[in-house]
Each structure stands twice: as C-alpha cells, then as structure tokens.
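[1] Provide a 3D model corresponding to the input given below.
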Amino acid sequence: MNRMNPWKVWGGLTLLFLSGTLIGGVVTHGYLQSQLERRWEAGPTAKKPWMMERLTRRLDLTADQQASLGPIVGQAQDDLLALRAQQQPQVEAIWNRTLAAVKPGLQPEQQQKLDAFEKKLHRRWQASQDYLKTIQDKTQPHQ
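    Residues are numbered from 1 along each chain as shown. The predicted structure is shown next:
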C-alpha cells in the first residue's frame, strides 16, 4: 500500500492556504485601488453621495436624518473645496519645485509616466475648480 507522508499532506495544505491568502490579498488590494481611482475620477459631484451613503450605513440614519444632513454635508464639501482652491497656488508651487528636483534622476520612460500622472492630477483639480465655480455662480446674486 502506498501511503502519503502526513507531513507532505500538511505541508501541501499549508502551501495551499498561504497561496489563497496571498492571492486574496492581492485581489483585495487591486479592488480597493480601483475603487479609490474610480472615486477620484468621478470628481467632486460624487463625494456627497458617497459620504451620505457611508454616514447612512455606519450611523443607521433614517430617511428624515438623511434629508436634514444632506445639505450640511454638501455645504461642508463646498467649503472644503473653496479652502483647497485658496491653498492650491501654494500646493502647485511645492509640487512644481518637487517635480523639477525629481525629474533629472528619472529615466525617460519614468519621466513620461510622471508626466502622465501629473496630467491626471491637473485634470482632477480642474474638475474641482469647475465644480466650485458652478457652485459659486449659483450662490452669487445675478446683476
């Protein structure tokens, strides 16, 4: 009779378990990264519904509470965006100074990737600025 060594069985099961854990971790990380990327790409208009969904789920908000908190969350989002807009020139100055220091140490392919990343950040920031301008236009009296 050909019996397997019990250590081989346990070793195989352990290897299978560790492989599953590793694969699960990689897949979960990729999923969370894609969710974060999708949220960023959705722009500022998607932040209020996302925040309301999280508050509703975590605090078990009633429909009346959701209705009363919605404008508060929306106003906070708009106020934070306005604050970011005020600070953006300083952020861009630091970013540009950092890029100028980093780029010489990169290979051409790496510089291209960094340029693409920078363009994506500028697109996102422009979407936030456009959203903020729309909000400000709605709140300012027409003359």
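[2] low-confidence stretches in this protein?
    Scanning the chain for pLDDT under 70 picks out the ranges 1-2, 40, 140-143.
[3] mind checking the longest helix of it?
    Taking DSSP state H as the criterion, the chain has its longest helix at helix 63-102.
[4] so which residue is dead centre in this structure?
    The C-alpha lying nearest the average C-alpha coordinate of the chain belongs to Leu36 (C-alpha atoms, centre = their mean; 3.5 Å).
[5] gap between that one and Ala42?
    Distance of Leu36 to Ala42, given as C-beta to C-beta, to the nearest Å: 11 Å. C-beta: built from backbone N, CA, C; applies to glycine.
[6] before we move on, the earlier item: what comes up buried for the longest helix of the chain?
    Across helix 63-102, burial judged by 16 or more other C-beta atoms under 10 Å covers 69, 73-74, 77-78, 81.
[7] where along the protein do the helices fall?
    Going by DSSP H, the chain shows helices at 6-42, 47-59, 63-102, 108-139.
[8] circling back to that earlier point, mind putting the buried residues of helix 63-102 into CSV with distance to Met52?
    As requested, the buried residues of helix 63-102 are exported to CSV (distance: C-beta to C-beta, whole Å):
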residue, distance to Met52
Leu69, 7
Val73, 6
Gly74, 9
Gln77, 10
Asp78, 14
Leu81, 16
